[in-house]
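J.: The sequence and its predicted three-dimensional model are supplied below.
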Amino acid sequence: MCVIISKEYGKSLPSKDFLYQCFKKNPDGSGFMYEYNHEVYIEKGFMEFDVLYNRLKELDSQINLKNHPLVMHFRISTSGKIDPQNCHPYPITRDYDIMRETYLKTKDIAFCHNGIISNYRPKDKIHNDTQTFGVNVLSVFKEHYPSFYKDSKVLKMLNLLAQSKLCFLDYQGKITYVGQFFDYRGMKCSNLNFVKRRGYNDRNCSYFNQELHLF
């Protein structure tokens, strides 16, 4: 199972050990997205932890990430090729080639996913279920209703379709969660599989279920 870690505005980067545990438990590549100057930037394809961490620290020194929301994704492959291009996050588009770019920016919204979207497994061995769901579902919503992710009824529908967890980041720095996420040490996490079991009882850990706000 992958893990999504989000750092909202005003929060500092998590510790190196925190990030290493995420990467160690989800070793098939990582990536992140952040808002900067009313655009969403995506950088992904980090197949080694040190490369990821050094880039995050470099970016922090360049723009001070405490002032920008950041969403990170650490992948375990359940479908599709294990390569830099299949790492999350993704822009919402009908073009698979654009989704597989490892550095890009968008003027609207991007997303990442944790779980298995069973009904959207691709027929080829390259793409993954998240990309297929993005192309066939999210892109349709976006084309017909650009602010779909602000509509609780649409989010409820997406939750039922995906039956897993989604995280969106838009050009205004708004992070939207679909499914149950945990508050852990100042971060929001799609699961806590990377934490030692005693961490589940840590005073720094609680959870919220975005679904509660969808009905």
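T.: Looks like it came in fine. Numbers count the residues shown, from 1 in each chain.
J.: how about the strands in the chain?
T.: For the chain, the strands defined by DSSP state E occupy 3-7, 30-36, 39-46, 70-74, 90-91, 103-106, 109-114, 165-170, 175-178, 180-184, 187-189, 205-209.
J.: Out of those strands, flag the one nearest residue 135.
T.: strand 90-91 (9.4 Å; Cβ to Cβ). For glycine as for every other residue, the C-beta is placed from the backbone atoms N, C-alpha and C.
J.: what sits up against the closest one?
T.: 40, 42, 98-99, 104, 106, 109-112, 130-131, 134 (Cβ atoms under 8 Å, 6 or more residues apart in numbering).
J.: Pull out the buried residues from stretch 1-11.
T.: 1-7, 11 (16 or more other Cβ atoms under 10 Å).
J.: would you turn the residues you listed into a markdown table with distance to residue 164?
T.: Below are the buried residues of stretch 1-11 laid out as a markdown table (distance: Cβ to Cβ, whole Å):
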| residue | distance to residue 164 |
| --- | --- |
| 1 | 9 |
| 2 | 10 |
| 3 | 12 |
| 4 | 11 |
| 5 | 16 |
| 6 | 16 |
| 7 | 21 |
| 11 | 25 |
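J.: May I ask which of the residues you listed comes out lowest in pLDDT?
T.: Among these, residue 1 carries the weakest pLDDT, at 71.
J.: That one and residue 46: what is the separation?
T.: 19 Å (Cβ to Cβ, to the nearest Å).
J.: okay, and the helix or strand of the protein with the least pLDDT?
T.: strand 205-209 (a mean of 53; mean pLDDT, DSSP states H and E).
J.: Low-confidence ranges, this protein, go.
T.: 122, 196-215 (pLDDT under 70).
J.: Going along the chain, name the helices of it.
T.: Under the criterion DSSP state H, the chain carries helices at the ranges 16-25, 49-63, 96-99, 129-133, 139-144, 152-162.
J.: Any idea which of the ones you listed gets closest to residue 169?
T.: Of these, nearest to residue 169 by Cβ to Cβ is helix 139-144, at 13.8 Å.
J.: Please enumerate residues in contact with that closest one?
T.: Against helix 139-144 from outside (Cβ under 8 Å, 6+ apart): 92-94, 108-109, 148, 154, 158.
J.: of the residues you listed, closest to residue 118?
T.: residue 158 (14.9 Å).
J.: residue contacts, the residue nearest to that closest one when sequence neighbours are not counted?
T.: Nearest non-adjacent residue to residue 158, counting by Cβ to Cβ, 6 or more residues apart in numbering: residue 178, 5.6 Å away. Applying Cβ under 8 Å, 6+ apart, we find residue 178 in contact with 155, 158-159, 162, 165-168, 210-211.
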